[in-house]
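>>> structure, please.
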Amino acid sequence: MEKDILGKVIEVEKEIQERLSEERKKAHEWLEGVTKKIEKDATIQEQQLRESYTKDREDSRSEAERKASRIVKDAETLARHCRELSDETLERVVQKYVVRILRTRLSPSSATERSSEPIP
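Below is the predicted model:
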């Protein structure tokens, strides 16, 4: 009878070992599958980030080029307007500012300030 009990215990232990081995194998296969899925997802996300970065960089560059073009056009327009100013208009503007500068330089309050300034 002891042999029967011992035999059954050994048989049950073998079954437990086989099931344990099968469960380990299933767990290992599941873990490999999850690892591959995570690696695949990470690769896809990395590619999406690269594409997004490239698009954002191109969009930023295009916007900067548009702004720069607008600034250049505005500067060209202003330069054209300045070139089109008549000599008489320029003389009036210069005279107005020369008079202001001279008044400031010749006023009594500025004389004190000028005395401490180095002579250019």
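
>>> pop the domain breakdown of this protein in here.
The chain breaks down by automatic domain parsing into domains covering 2-84, 86-120.

>>> with mean pLDDT and mean neighbour count added, can I get those in a markdown table?
Glycine gets a C-beta too; all of them are placed from N, C-alpha and C. Formatted as a markdown table, the domains of the chain follow (pLDDT from 0 to 100; neighbours: other Cβ atoms under 10 Å):
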| stretch | mean pLDDT | mean neighbour count |
| --- | --- | --- |
| domain 2-84 | 96 | 10 |
| domain 86-120 | 75 | 9 |
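
>>> C-terminal to the longest helix seen in the chain, what's the next element?
Of all the segments of type helix in the chain, defined by DSSP state H, the longest one is helix 2-84. Using DSSP states H and E, the next helix or strand after helix 2-84 towards the C-terminus is helix 87-106.

>>> next, the angle helix 2-84 makes with that next one.
Interaxial angle, helix 87-106 versus helix 2-84 (axes from the mean of the first three to the mean of the last three Cα atoms, to 10 degrees): 100 degrees.

>>> so how far is helix 87-106 from its chain's centroid?
48 Å (Cα atoms, centre = their mean, to the nearest Å).

>>> so how far is residue 28 from residue 40?
Distance, residue 40 to residue 28, using Cβ to Cβ, to the nearest Å: 19 Å.

>>> got it, and residue 67?
58 Å.

>>> and for residue 61?
Taking Cβ to Cβ, one finds residue 61 at 49 Å from residue 28.

>>> now do residue 81
Separation of residue 81 from residue 28 (Cβ to Cβ): 79 Å.

>>> now do residue 105
Residue 105 is 92 Å from residue 28, where distance means Cβ to Cβ.

>>> same deal with residue 65?
The value you get for residue 65 to residue 28, if Cβ to Cβ is used, is 55 Å.

>>> do residue 11 as well
Counting by Cβ to Cβ, the gap from residue 11 to residue 28 is 26 Å.
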